[in-house]
Every structure is written in structure tokens, then in C-alpha cells.
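*Asks:* mind folding the following:
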Amino acid sequence: MTEQEIVTRTRTFIESAFLQMRPDFALGDRDPLFANGIIDSMGALELAGFLEREFEIVLGPDELTEQNLGTLADIARFVQAKHRDRTRR
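*Replies:* Next up, the predicted model:
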């Protein structure tokens with residue numbers, strides 16, 4: 001799975017779950033999700049659940065960070081790294 005596929009699938013989820021009331025908001029790959037008020041701490045948990053189901057990964061509590069979930073690009077990098085780690089085992 002490519003980074004762009006991860007970004008596209010995650011963007012679709014975020015737009016439907018968090019941007020329903022802001023349909024004109026153009027979410028870029030590097031737009032900060034937390035600083036722009038798109039996702040809060042509860043939203044981070046919802047996003048984590050989506051990522052686990054959609055991409056078949058497991059997120060530990062210490063991985064729910066802005067570094068991993070701060071932007072769509074961060075999420076794509078993080079998901080790919082989780083997949084690489086899983087295949088090495």
C-alpha cells in the first residue's frame with residue numbers, strides 16, 4: 001500500500017467524521033489536524049480506531065502522538081512503518 005493510498009483513505013474518513021460541518025475546508029496532506037481544530041483528544045481515539053480497522057495495525061497508547069497522527073502525511077508514514085515492522089516479525 002502506498003503513502004498516497006493511506007492518505008486518500010484517511011482523508012475520506014476524516015472528512016466524513018470530522019469535517020461534516022465544514023464541507024469547504026480543503027484538507028492538505030500536511031495541514032495540522034490538531035492545531036486546526038479538526039481533531040481533538042476524543043477524535044484522536046476515533047482516528048486510532050479507524051486506522052486499526054482500516055489498515056490492520058495495532059496502536060499502543062504511547063503511539064497516539066501528534067508526531068504520528070498530526071497530519072495526513074504523518075499518518076501515512078506511521079502506518080507504513082507499522083506495516084514494515086509487522087512484516088519483519
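*Asks:* show me where the chain has helices.
*Replies:* Using DSSP state H, the helices of the chain run over 3-18, 41-55, 66-69, 72-88.
*Asks:* just for this protein, where's the confidence low?
*Replies:* 89 (pLDDT under 70).
*Asks:* nearest to Pro32, out of the helices of the chain?
*Replies:* Evaluated with CB to CB, those place helix 66-69 nearest to Pro32, the distance being 8.0 Å. (Each C-beta comes from the backbone N, C-alpha and C, glycine too.)
*Asks:* just put the helices of the chain in JSON lines and tack on mean neighbour count and distance to Leu27.
*Replies:* Shown next, in JSON lines, are the helices of the chain (neighbours: other CB atoms under 10 Å; distance: least, CB to CB, whole Å):
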{"stretch": "helix 3-18", "mean neighbour count": "16", "distance to Leu27": "6"}
{"stretch": "helix 41-55", "mean neighbour count": "15", "distance to Leu27": "13"}
{"stretch": "helix 66-69", "mean neighbour count": "16", "distance to Leu27": "14"}
{"stretch": "helix 72-88", "mean neighbour count": "16", "distance to Leu27": "7"}
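*Asks:* could you dump those to CSV with distance to Asp29?
*Replies:* Shown next, in CSV, are those (distance: least, CB to CB, whole Å):
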stretch, distance to Asp29
helix 3-18, 6
helix 41-55, 15
helix 66-69, 14
helix 72-88, 5
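*Asks:* which one of these lies nearest to Gly28?
*Replies:* Here helix 72-88 is closest among the helices of the chain (CB to CB), at 7.7 Å.
*Asks:* run the chain-centre distance for that closest one.
*Replies:* 11 Å (CA atoms, centre = their mean, to the nearest Å).
*Asks:* find the centremost residue of the chain, please.
*Replies:* Ile75 (4.3 Å; CA atoms, centre = their mean).
*Asks:* who are the contact partners of that residue?
*Replies:* Ile75 is in contact with Ile6, Val7, Thr10, Leu47, Leu51, Asn68, Leu69, counting by CB atoms under 8 Å, 6 or more residues apart in numbering.
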